[in-house]
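Undergrad: need coordinates for the below:
(one chain, ligands or ions: 2)
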Amino acid sequence: MSLEALIFDVDGTLADTERDGHRVAFNQAFAGAGLDWRWDVPLYGELLAVTGGKERMRHYIDRYRPDYAKPADFDALVARLHAAKTRHYTGLLGQGGIPLRPGVRRLIEEARQDGVRLAIATTTTPDNVIALLRHAMAPEAASWFEVIGAGDVVAAKKPAPDIYHYVLDRLHLAPAQCMAFEDSENGLRAAQAAGLATVITVNDYTRDHDFSGATIVLDQLGEPGRPFQVLSGRAVNGVSCLDLGLLRQLRMNA
Ligand code: XBP
Ligand code: MG
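TA: Ligands and ions are numbered 1, 2, ... in the order given. Prediction:
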């Protein structure tokens, strides 16, 4: 089957948003609410095991703060904190501090020129996706993606496959016509469970995850002058960037 669409995860895949973006914004929201919750870089790495910001805050309290006496309206507090966190995060993106990862713009531009369709499947909040695309990619970049599946549109977040099913349904495509791009084990499990072949680009938080079953695991997608490294999967002689030609080759060999 021919390659019809690329489906991208957002956080960690399009850009390194977690450590200097989401984490900072959570801490700003906590401080703004007068809470002593503080997520440092290593703790945040552990908390990333749970996807979704609201889910992550609840997990933090249950697991790390047994001392905290939950108020009766704890759900409302979590919702307020999350809304504040989204404001802080989109504000940070507006300052232009978080760039796309290497090769992302190149591959997306090639796909657009080649008529390969684009979509997004993420656990993060829709506003966050739109802000990242606008500020890091192009003012109109959200319109390049036919389907943006994000946040609470599905009940179960990654590693559940629901967000990929949601996107595939709206693209009217079968998994075998698409490739997914992820950076984490939770993301890979979600894509795999939806039947999608998946390219992984690792980052500092996900380098040691279990990526068995991925089509290929790279350090990054590669740019001219900045070749990718193949961390696992078939070595690719003489190729230094993941482009559509290589993607098609990897699919044929799979
Ligand atoms: C990333 C996540 C998200 C973000 C926070 O998912 O797990 O929870 O860290 O986003 P993905 P929200 O890599 O699938 O994009 O606070 O908006 O939930
Ligand atoms: Mg991710």
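Undergrad: just give the number of residues close to residue 144.
TA: Around residue 144 sit 15 other residues, with neighbours defined as other Cβ atoms under 10 Å. For the C-beta atoms, the positions are set from N, CA and C on the backbone; glycine is no exception.
Undergrad: over to it: give its phi and psi.
TA: phi -80, psi -20 (degrees, to the nearest 10).
Undergrad: under the pLDDT cut-off, which ranges of this structure? List them.
TA: Nowhere does the chain drop to pLDDT under 70.
Undergrad: now residue 155. Nearest residue, chain neighbours left out?
TA: residue 162 (6.8 Å; Cβ to Cβ, 6 or more residues apart in numbering).
Undergrad: so the one you found touches residue 151, yeah?
TA: No - in this structure, residue 162 is not within contact of residue 151 by Cβ atoms under 8 Å, at 11.7 Å.
Undergrad: buried set for whatever helix or strand residue 252 lives in?
TA: According to DSSP states H and E, residue 252 maps onto helix 244-253. In terms of neighbour count (16 or more other Cβ atoms under 10 Å), helix 244-253 has its buried residues at 244, 246-247, 250-251.
Undergrad: columns distance to ligand 1 on top of these, output as JSON lines?
TA: As requested, those are exported to JSON lines (distance: Cβ to the nearest ligand atom, whole Å):
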{"residue": "244", "distance to ligand 1": "23"}
{"residue": "246", "distance to ligand 1": "23"}
{"residue": "247", "distance to ligand 1": "20"}
{"residue": "250", "distance to ligand 1": "22"}
{"residue": "251", "distance to ligand 1": "23"}
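Undergrad: ligand 2: which of those is nearest?
TA: residue 247 (19.1 Å; Cβ to the ion).
Undergrad: grab the nearest non-local neighbour of that closest one.
TA: Per Cβ to Cβ, 6+ apart, closest to residue 247 is residue 179, 5.9 Å.
Undergrad: following element in sequence after the particular helix or strand that has that neighbour in it, please.
TA: Following DSSP H and E, one finds residue 179 within strand 178-182. Next helix or strand after strand 178-182 toward the C-terminus (DSSP H and E): helix 185-193.
Undergrad: which other helices and strands contact the helix or strand that that following helix is followed by?
TA: As assigned by DSSP H and E, the chain's next helix or strand after helix 185-193 is strand 197-201. Applying 3 or more Cβ pairs under 8 Å, 6 or more residues apart in numbering; DSSP states H and E, we find strand 197-201 packed against strand 178-182, helix 185-193, strand 216-218, helix 244-253.
Undergrad: could you pull out the helices for this structure?
TA: With DSSP state H, the ranges of helices along the chain come out as 23-32, 41-47, 53-64, 74-94, 104-114, 126-132, 162-171, 185-193, 244-253.
Undergrad: I'd say residue 134 and residue 128 touch.
TA: No - using Cβ under 8 Å, residue 134 is not in contact with residue 128, being 10.9 Å away.
Undergrad: name the residues contacting each of those two.
TA: residue 93 (Cβ atoms under 8 Å, 6 or more residues apart in numbering).
Undergrad: what's the burial count for residue 10?
TA: Neighbours around residue 10, by other Cβ under 10 Å: 22.
Undergrad: please apply the same query to residue 207.
TA: Neighbour tally, residue 207, other Cβ under 10 Å: 12.
Undergrad: so that it lines up with my notes, have the first residue be 19 from now on.
TA: Yes, from this point I'll number from 19; that puts the last item at residue 225.
Undergrad: what is the end-to-end distance of stretch 148-158?
TA: 9 Å (Cα to Cα, to the nearest Å).
Undergrad: that stretch and ligand 1 in contact?
TA: No - using Cβ under 6 Å from any ligand atom, stretch 148-158 stays clear of ligand 1, coming no nearer than 9.6 Å.
Undergrad: any idea how far that stretch is from the chain center?
TA: Offset of stretch 148-158 from its chain centre (Cα atoms, centre = their mean, to the nearest Å): 15 Å.
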